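Peer 1: Sequence and predicted structure are below.
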Amino acid sequence: MSTGRLLRTEALSWMSDDDNVTGVQSRGLILQPFWDYLHQNHHDLLRSTPFPVVLSVSTYFFFVGFYTVLDLLAPTWPCINRHRLHPDKPVTWPNIWTTLGVTIYNHVLYIFPATIAQWLWRPPTPLPREAPTFWSFFLGIMGCMVVFDFQYYLWHLLHHQVPWLYRTFHAVHHQYNQTFSLVTQYLSGWELFSLGFWATIDPILLQCHCLTAWGFMVFNIYVSTEQHCGYDFPWALHNLVPFGLWGGAPKHDAHHQRPGTNFAPFFSHWDWLGGTHSVPTRCSGRARQDEM
């Protein structure tokens, strides 16, 4: 082989190797190091069947605890209270104990036995070596949010339109017409099961990576808690997403004031199309609750 031909061959080989490295980096540059760290240090925990339940429960109580602290500080901290949707109606300790009691009751009676059953009967979660790309991670979470939003909109609308369903399953959630974070899971067992089922099955239907499924779970819980928190912070999602496409705390608080409006949990397009969209006002907490 001539010297020139050998140099060309080595150059092509070097370029091919560089392309391969670039391809690997482009696939997992952002999430792969994080996924490798989880693989190496928390492999058994992540594979365990109870892990998604532990993740969701701990995430929920973390966010609820944060907003509950704000609720307790708000009456004496004007910088917090001015962002509340109902600044003249503080969250009281009886409100907290009642909603927390129902939440713990549901976790003990429904979630804990379901977790034990999964631990006994389901195989460990397989963990792929490769992390999802950033775009598949992001689009997977958004896809799950869109599907979940449609499912719950129909479920929610049906349970308001059929009086028996409302009285039997959904009325407990509307015992509070002023939202605060612990109202998020102030639910009947049937409603809690429905929400948990969709949040679990949607990433499977969309064939998401397990890291994407867990990301959706955490984001879903955060959004649900923020939606019920009773605050209108400038950094809340409904103030960041343009064109009024996101529901957020003011619109869901308006739903608790006027139960015939704003059924979608996250986005606003289904309520626009269904004629159930309502624009909240800053004084919505003083409005009279309409009859169903």
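Peer 2: Nice, thanks for sending it over. Residues are numbered from 1 along each chain as shown.

Peer 1: Excluding covalently adjacent residues, which one is nearest to residue 267?
Peer 2: Nearest residue to residue 267, sequence neighbours excluded (CB to CB, 6 or more residues apart in numbering): residue 149, at 5.2 Å. C-beta coordinates here come from the backbone N, C-alpha and C atoms, glycine included.

Peer 1: which one's the longest helix in the protein?
Peer 2: Using DSSP state H, we find that the single longest helix of the chain is helix 134-161.

Peer 1: tell me the mean pLDDT for the helix or strand harbouring residue 104?
Peer 2: Element membership of residue 104, judged by DSSP states H and E, is helix 93-106. Average pLDDT, helix 93-106: 94.

Peer 1: Tell me the secondary structure at residue 113.
Peer 2: Using DSSP: H, G, I helix; E, B strand; the rest coil, the secondary structure recorded for residue 113 is helix.

Peer 1: Run a quick neighbour tally on it.
Peer 2: Close neighbours of residue 113, defined as other CB atoms under 10 Å, add up to 10.

Peer 1: And it, how far from residue 84?
Peer 2: For residue 113, the distance to residue 84 (CB to CB, to the nearest Å) stands at 37 Å.

Peer 1: same check, this time on residue 55
Peer 2: The span separating residue 55 from residue 84 equals 29 Å under the rule CB to CB.

Peer 1: Pick out whichever of these two has more residues nearby.
Peer 2: Counted by other CB under 10 Å, residue 55 and residue 84 do not tie: residue 84 has more neighbours, with 24 against 16.

Peer 1: Residue 102 against residue 188, yeah?
Peer 2: No: taking CB atoms under 8 Å as the definition, residue 102 is not a contact partner of residue 188, at 9.2 Å.

Peer 1: and for those two, which residues touch both?
Peer 2: residue 172 (CB atoms under 8 Å, 6 or more residues apart in numbering).

Peer 1: more neighbours, those two?
Peer 2: The neighbour comparison of residue 102 against residue 188 (other CB under 10 Å) goes to residue 102, with 20 against 17.

Peer 1: For the nearest residue to the more buried one once chain neighbours are set aside, give me its contacts.
Peer 2: What sits nearest to residue 102 in space, not counting adjacent residues and going by CB to CB, 6+ apart, is residue 186, at 5.3 Å. Neighbouring residues of residue 186 by CB under 8 Å, 6+ apart: 99, 102, 103, 172, 173, 175, 176.

Peer 1: Just the buried residues out of those, in ChimeraX syntax.
Peer 2: Filtering these down to the buried ones (16 or more other CB atoms under 10 Å) takes a single ChimeraX command:
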select :99,102,103,173,176
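
Peer 1: out of the contacts of residue 186, who's nearest residue 137?
Peer 2: Nearest to residue 137 out of those is residue 103 (CB to CB; 29.8 Å).

Peer 1: Now the closest one. Nearest residue, chain neighbours left out?
Peer 2: Leaving aside its chain neighbours, residue 103 sits nearest to residue 185 (4.8 Å; criterion: CB to CB, 6+ apart).

Peer 1: Please apply the same query to residue 114.
Peer 2: Distances taken as CB to CB, 6+ apart place residue 53 nearest to residue 114, at 7.6 Å, with adjacent residues excluded.
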